[in-house]
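Undergrad: following is a predicted model, sequence given first.
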Amino acid sequence: MTVLDQWMRMYSRPQLTLVRSAVVGRWGFSLDPGATVAFHLVKKGSGWLRRPGVPAIRLEQGDLVVIANGEAHDVTDRKDGLAEPVAEFARRSFELSGREPDAVIFCGTLRADTARRQTGVFAIPPFIHLSGAEIADDPGIAGLVALLSAELECTFEGNETLIESLTAGLMIYVLRRAAEQAGHSPGWLVAMNDPQLARVFQAIHATPAEPWTVEEMASSAGLSRATFSRRFAERVGEPPLSYLTAWRMTLAGRRLLQGKQPLSRIAAEVGYSSEAAFSRAFKRHHGVAPAAYRNVGVGV
């Protein structure tokens, strides 16, 4: 399983919401802040994306935007247009009366299953904007958008499962493109473009229970300890062992929310032979003890 696959596993089917709206006349919808990744595709027509503290962005036909930091935002037909809550917008039926819609908008949200969705171990760029031309030039994204569009317009058996899979695939393709465009901003997407660091990421994500040291990570990368530590910190934005701990605690949080596994087993799965040491590390990282995290569903 790749690191991108694991990013998608932070999101589960019951937490995916995706709607298609064909609209006429004036329209607009708003999303409140929350623990979600939101994405919007302008299938037909045009509109505006408004986010706090930054100029509004014109969205042309075919454009796709991803807002990954959970911030509030509006998508409207006009730069100064009114916006209603997205749930009301999705429920409202626009009377087409045989007319072609002025706009067709896909709006989706993914809710992470742990509080680490957007910090450290799985942080992604807070805002991604792909133009219709960029999508048309990428066969993978263009193909998935076409398939997703078709599925959202039909009601065949198995439709929801296929939509889930297509959405997951689309997000992975978009993240790949974001990684190519990431430039020098630190983060795991940038590091994954470095073949030597990518080997380390794959190894520690696949085997978090291993007693990893910086020396062993450097050896896996084929670099000296000093060169590896410097390059990792520059590319990722934090030291290797800090990232390793973040990944282990992310995985532990997910395990806690998924069932009733004994704490000792979860601790062992993420590299801790002592349940007490694991509990201390978990509380230091998440701010609550493992039992409290499980009981109240932190991050859900």
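TA: It's in. Numbering: from 1, shown residues only.
Undergrad: any idea how far Val296 is from Ala191?
TA: Ala191 sits 33 Å away from Val296, going by C-beta to C-beta, to the nearest Å. For the C-beta atoms, the positions are set from N, CA and C on the backbone; glycine is no exception.
Undergrad: what's the answer for Ala281, then?
TA: 19 Å.
Undergrad: sorry, back to before: of Ala191 and Val296, which one has the most company?
TA: The neighbour count for Ala191 versus Val296, taken as other C-beta atoms under 10 Å, is higher for Ala191 (23 against 10).
Undergrad: and the more buried one, how far from Ile266?
TA: Distance from Ala191 to Ile266, by C-beta to C-beta: 27 Å.
Undergrad: same check, this time on Pro125
TA: In this view, Pro125 and Ile266 are 31 Å apart by C-beta to C-beta.
Undergrad: so which of those two has more stuff around it?
TA: Ile266 (23 against 17).
Undergrad: can you count the residues close to the closest residue to the more buried one other than its chain neighbours?
TA: In this structure, Ile266 finds its nearest non-sequential neighbour in Arg255, 4.7 Å apart by C-beta to C-beta, 6 or more residues apart in numbering. The number of residues packed near Arg255 is 19, by other C-beta under 10 Å.
Undergrad: what's the following helix or strand after the host helix or strand of Arg255?
TA: Using DSSP states H and E, Arg255 sits within helix 240-258. Going down the chain from helix 240-258, the next helix or strand is helix 263-269, by DSSP H and E.
Undergrad: list the buried residues in that next one.
TA: Using 16 or more other C-beta atoms under 10 Å as the test for burial, helix 263-269 gives 263, 266-267, 269.
Undergrad: let me see the residues that make contact with whatever helix or strand comes next after it.
TA: Once the chain leaves helix 263-269, the next helix or strand it forms, by DSSP H and E, is helix 275-286. Residues from elsewhere that reach helix 275-286 (C-beta atoms under 8 Å, 6 or more residues apart in numbering): 115, 245-246, 248-249, 252-253, 263-264, 266-267, 270, 272, 289-290, 293, 298.
Undergrad: let's see that with 7 Å instead.
TA: 115, 245, 249, 252-253, 263-264, 267, 272, 289-290, 293, 298 (C-beta atoms under 7 Å, 6 or more residues apart in numbering).
Undergrad: quick one, that helix and helix 240-258 angle?
TA: Helix 275-286 runs at 100 degrees relative to helix 240-258, counting by axes from the mean of the first three to the mean of the last three C-alpha atoms, to 10 degrees.
Undergrad: what packs against the next helix or strand after helix 275-286?
TA: The helix or strand immediately downstream of helix 275-286 is helix 290-296, counting by DSSP H and E. Applying 3 or more C-beta pairs under 7 Å, 6 or more residues apart in numbering; DSSP states H and E, we find helix 290-296 packed against helix 240-258, helix 275-286.
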